[in-house]
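Participant: Next comes the sequence, and after it the predicted model I'd like to discuss.
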Amino acid sequence: MLGKKRAGKAKCWHDWTDLVACSEGLIAVFMPDRADETCALNLRHLRQAFGDRA
């Protein structure tokens, strides 16, 4: 519901904090375009949020 309120009619938008807030029981898969510093940072954030489920 929150995502629909943010994005407007017929759209939905969730950000990272939304995902982390409801991450209990979820498994995260990250598929980067390239292995660079941005990828490494994103992987660290994913690991912090999802632990061994990332």
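Facilitator: Cool, the structure landed. Bear in mind that the values here come from a model prediction, so they are computed numbers and not experimental data.

Participant: When you work out contacts or count neighbours from here on, use the C-alpha atoms and nothing else.
Facilitator: OK.

Participant: Please state the offset of stretch 6-26 from the chain centre?
Facilitator: Centroid separation for stretch 6-26 versus its chain: 8 Å, with CA atoms, centre = their mean, to the nearest Å.

Participant: and what of stretch 1-16?
Facilitator: Relative to the chain's own centre, stretch 1-16 is displaced by 15 Å; criterion: CA atoms, centre = their mean.

Participant: which residues of this structure fall in helices?
Facilitator: For the chain, the helices defined by DSSP state H occupy 2-7, 16-21, 37-50.

Participant: Take the ones you listed and write them to TSV, including mean pLDDT and distance to residue 30.
Facilitator: Shown next, in TSV, are those (pLDDT from 0 to 100; distance: least, CA to CA, whole Å):
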stretch	mean pLDDT	distance to residue 30
helix 2-7	86	21
helix 16-21	89	13
helix 37-50	92	8
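
Participant: how about these in CSV, adding distance to residue 29 and mean neighbour count?
Facilitator: CSV is the format used below for those (distance: least, CA to CA, whole Å; neighbours: other CA atoms under 10 Å):
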stretch, distance to residue 29, mean neighbour count
helix 2-7, 21, 12
helix 16-21, 13, 12
helix 37-50, 9, 14
